[in-house]
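Asks: pasted the sequence and its predicted model underneath.
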There are 2 protein chains.
Amino acid sequence: MSTHRRSSGLAESQDRLIAAWGQMGSTWGISRTMAEVHALLYITGQALCTDDVMARLSISRGNASMSLRALVDWGVVQREHRRGDRKEYFVATSDVWVMLQSILRERMKREIHPVLANLCEIRDESGAIIEPRGRGAGAGPIDDEEAVEEHHRRLDDLIALVRVIDEMGTKLLALDPQLMKQTAMALAGGFGGGADDSPSRGAGRGS
Amino acid sequence: MSTHRRSSGLAESQDRLIAAWGQMGSTWGISRTMAEVHALLYITGQALCTDDVMARLSISRGNASMSLRALVDWGVVQREHRRGDRKEYFVATSDVWVMLQSILRERMKREIHPVLANLCEIRDESGAIIEPRGRGAGAGPIDDEEAVEEHHRRLDDLIALVRVIDEMGTKLLALDPQLMKQTAMALAGGFGGGADDSPSRGAGRGS
DNA sequence: GGGCTTTTTCAATAGATTCTGAAAACATGC
DNA sequence: GCATGTTTTCAGAATCTATTGAAAAAGCCC
């Protein structure tokens, strides 16, 4: 087998993971680069400084700085200082379940909470909707009254949905990461099925 | 008809919801317009044709057509034909839990499955990583062997995580929407708490 | 403080996404 | 088939986002 440029074995595999993670990130709201930096730190498992990241991913200093800071804000990467070295180093959280909680926390904060607040505000203010000049004023069809009721019903349904999602997330975040893992695996395994730890080393899923 | 002023009550509330939903959509991978079209169809509860959508949201025909088609693809909007009318009308799924399942299904397909397949492929191929010229060949530090092991460990952890998420999603999708609702509410209510149906009509959450 | 190193910021630019509008394709009824 | 009304497509324009690179700020040590 073509082992001739095999020193790239590890690095190449890392690059592929970085690319995959980056692509996934960009499908979400996260910038591709930020996800790539995270993947790099996670998969190497080492503490890297800004220059390491710049060099490995071929990105500018500004970009590296921004991405690293954002990752620290998200809580999936920690700063690390070294005695006798002025540089700052960065390490990714190695426990994927802790990582998942950080991501969940941040996404809830950015995506769910604002929407829920918005929806509630809209409903509160829409409570004041009154049909034009009451019923029976002649011109307007009574249709409007129905429409307003339906509007409220649908608004309420939407709020109930988002709220349940919010509460579920909050519950999960309150859990210890290990317990969350157990819970997730129980759900994945069929609501009460055995929670197995081993990730089944076999072949991957087809597609 | 005296529609000129009071139309601001209901329509304004609708507009606000549309804006909120659109913003949320753009935080995810969904285009803002597509989310707005969906919000419009959902909140009005009516079957609208392309021209209605164009007029109400002030968007071009092409944009409306694309967005509507995408929503139909996602399964959150259905086409509707009317006898004696050549136009096509569109209605949003009114059950929010059915809607949630459609969204979940589509997001799994687009975001989770490809990543999982990718990760598995990477692992399968990275199984072949051998350190340069075996151990003990002098030059290379044995460090490399450790690095490769760590690499595999981390890759496996990541795969296990994504796989659990995938399986959880699959399980939820297999459920009847109403049962999924029950499940979600049970989780939200504290893992075994009572599942109450009423969405508590009171004031909203603060922030 | 002054010299040195590293990090952060930000205006300009490169790049990607979304939207438009008009033309092509598609139906439907006559 | 033709006439009419509707939907889809897509190249180019408009818009939004990410990235760079260099200047400013922040540390650190003597």
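Replies: Looks like it arrived, so ask away.
Asks: can you pull out the strands in chain A?
Replies: With DSSP state E applied, chain A shows strands at A:48-49, A:77-82, A:85-92, listed in chain order.
Asks: show me what contacts residue A:93?
Replies: Contact partners of residue A:93, counting by Cβ atoms under 8 Å, 6 or more residues apart in numbering or on different chains, are A:42, A:75-78, A:99, A:102. (C-beta placed from N, C-alpha, C; glycine too.)
Asks: among these, name the ones in helices.
Replies: Residues of the contacts of residue A:93 located in helices (DSSP state H): A:42, A:99, A:102.
Asks: surely the first one touches residue A:91?
Replies: Think residue A:42. No - with contact defined as Cβ atoms under 8 Å, residue A:42 does not reach residue A:91; the gap is 9.3 Å.
Asks: for those two, indicate the residue with more neighbours.
Replies: residue A:42 (24 against 16; other Cβ atoms under 10 Å in any protein chain shown).
Asks: so what's that one closest to, chain neighbours aside?
Replies: For residue A:42, the nearest residue in space outside its immediate sequence neighbours is residue A:92; the separation is 4.1 Å by Cβ to Cβ, 6 or more residues apart in numbering or on different chains.
Asks: tell me the one of the ones in helices among the contacts of residue A:93 nearest chain B?
Replies: residue A:42 (6.5 Å; Cβ to the nearest Cβ).
Asks: now for that closest one: which residues touch it?
Replies: A:21, A:92-94, A:99, B:154, B:158.
Asks: would TSV of the residues you listed with distance to residue A:70 and pLDDT be doable?
Replies: Formatted as TSV, the entries for those read as follows, by distance: Cβ to Cβ, whole Å; pLDDT from 0 to 100:
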residue	distance to residue A:70	pLDDT
A:21	15	96
A:92	13	98
A:93	15	97
A:94	19	97
A:99	15	97
B:154	21	96
B:158	20	97
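Asks: the residues you listed, buried ones only, as a PyMOL selection?
Replies: Filtering these down to the buried ones (16 or more other Cβ atoms under 10 Å in any protein chain shown) takes a single PyMOL command:
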select buried, (chain A and resi 21+92+93+99) or (chain B and resi 154+158)
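Asks: still on that earlier bit, what's the closest of the strands of chain A to residue B:111?
Replies: Checking the strands of chain A against residue B:111 by Cβ to Cβ gives strand A:85-92 as the closest, at 20.8 Å.
Asks: what are the buried residues along that closest one?
Replies: Using 16+ other Cβ under 10 Å as the burial criterion, the residues of strand A:85-92 that qualify are A:89-92.
Asks: hang on, the earlier thing: got the ones in helices among the contacts of residue A:93 as JSON lines, with distance to residue A:180 columns?
Replies: Compiled in JSON lines, these are given as follows (distance: Cβ to Cβ, whole Å):
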{"residue": "A:42", "distance to residue A:180": "19"}
{"residue": "A:99", "distance to residue A:180": "11"}
{"residue": "A:102", "distance to residue A:180": "12"}
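Asks: now residue A:53: how far from chain B?
Replies: With distances defined as Cβ to the nearest Cβ, to the nearest Å, the gap from residue A:53 to chain B amounts to 17 Å.
Asks: what residues does chain A put near DNA strand D?
Replies: Contacts of chain A with DNA strand D, taken as Cβ under 7 Å from any atom of the strand, map to A:31-34, A:58-63, A:66-67, A:84, A:86.
Asks: so which of these reach DNA strand C?
Replies: The overlap between the residues of chain A next to DNA strand D and the neighbourhood of DNA strand C (criterion: Cβ under 7 Å from any atom of the strand) consists of A:61-62, A:66, A:86.
Asks: still on that earlier bit, chain B: which of the buried residues of strand A:85-92 is nearest?
Replies: Among those, residue A:92 lies closest to chain B (Cβ to the nearest Cβ), at 9.4 Å.
Asks: OK, contacts around that closest one?
Replies: If you count contacts by Cβ under 8 Å, 6+ apart, residue A:92 has them with A:38, A:41-42, A:45, A:71, A:76-77, A:99.
Asks: repeat that for 10 Å
Replies: A:37-48, A:71, A:76-78, A:99, B:154 (Cβ atoms under 10 Å, 6 or more residues apart in numbering or on different chains).
Asks: now do residue A:119
Replies: Contacts for residue A:119 (Cβ under 10 Å, 6+ apart) come out as A:155-156, A:158-163, B:16-17, B:20-21, B:24, B:204-205.
Asks: out of those residues, which sit inside helices?
Replies: Cross-referencing the contacts of residue A:119 against helices under DSSP H gives A:155-156, A:158-163, B:16-17, B:20-21, B:24.
Asks: looking at those, which is nearest DNA strand D?
Replies: Distance ranking of these against DNA strand D, using Cβ to the nearest atom of the strand, places residue B:24 first at 13.1 Å.
Asks: quick check: that closest one touching residue A:107?
Replies: No - here residue B:24 lies out of contact with residue A:107, judged by Cβ atoms under 10 Å, at a distance of 11.7 Å.
Asks: point me to the residue of chain A nearest DNA strand D.
Replies: Chain A approaches DNA strand D most closely through residue A:62 (2.1 Å), counting by Cβ to the nearest atom of the strand.
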